[in-house]
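Trainee: Model the structure of this input:
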Amino acid sequence: MAGASWRREQRPVLDLPRGPSEVVAELLALAGVIGTLVVLRRAWPDRVPTHFGPTGEPDAWGRKAWLLFPPLVMMVLYTALTILSRYPHIFNYPWRITAENAARQYRLARTMLSWLKAELVWLFAYLTWGTVRVAQGEAAGLGVAFLPVALLAIFGTLGVYFWVAARSR
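Mentor: Numbering: from 1, shown residues only. Below you'll find the predicted structure:
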């Protein structure tokens, strides 16, 4: 692993157009951001749940300003992942990136990042929506399936990426 080809400076820097899957994921992420802002604009309860236990039921409550925390985290992640996806040549890859495989590996990594971004945005969008529903007395919690489904989506995306990328070395 001490070879010069492992150094990021040696990797090709390519300007690759977005593929259809990336575009769909980016549009889904943007829709999640907009949806979250709509939920916040329409509902502003006085007291909100600030923490949910493993069963999805609230176990701590606080002031309405806490309702801004999940969307704020979502926006930071959205912005950071959007910027990061423009530089796939600086990512850490578990295999050598060469001139022959760079375009394919960069596209796969960018696509994975786009889908993770969409999943994270919708995770925070659902968290915001669920928090508002609980605060307004319309729901008892987020539901017991929230955490397992979120984890399955995120780790499933990572698993698919590693499987496809390993086959495309």
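Trainee: rest of the way, CA atoms for contacts and neighbours
Mentor: Noted.
Trainee: shaky segments in this protein?
Mentor: Across the chain, the stretches falling below the confidence threshold (pLDDT under 70) are 1-9.
Trainee: where do the strands sit along it?
Mentor: Shown for the chain, the strands assigned by DSSP state E span residues 47-52, 58-63.
Trainee: For Phe69, find the nearest of the ones you listed.
Mentor: Across the strands of the chain, the minimum distance to Phe69, taken as CA to CA, is reached by strand 47-52, at 9.3 Å.
Trainee: what packs against that closest one?
Mentor: Contact partners of strand 47-52 among helices and strands, from 3 or more CA pairs under 8 Å, 6 or more residues apart in numbering; DSSP states H and E: strand 58-63, helix 102-135.
Trainee: so can I have JSON lines of the ones you listed showing distance to Pro17 and mean neighbour count?
Mentor: As requested, the helices and strands packed on strand 47-52 are arranged in JSON lines below (distance: least, CA to CA, whole Å; neighbours: other CA atoms under 10 Å):
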{"stretch": "strand 58-63", "distance to Pro17": "44", "mean neighbour count": "14"}
{"stretch": "helix 102-135", "distance to Pro17": "9", "mean neighbour count": "22"}
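Trainee: Which of the ones you listed sits closest to Arg42?
Mentor: Comparing the helices and strands packed on strand 47-52 against Arg42 with CA to CA, the closest turns out to be helix 102-135 (9.9 Å).
Trainee: Run the angle between that closest one and strand 47-52 for me.
Mentor: Between helix 102-135 and strand 47-52, the angle comes out at 130 degrees (axes from the mean of the first three to the mean of the last three CA atoms, to 10 degrees).
Trainee: and helix 102-135, what other elements does it pack with?
Mentor: Helices and strands touching helix 102-135, as assessed by 3+ CA pairs under 8 Å, 6+ apart, comprise helix 20-42, strand 47-52, helix 69-84, helix 146-167.
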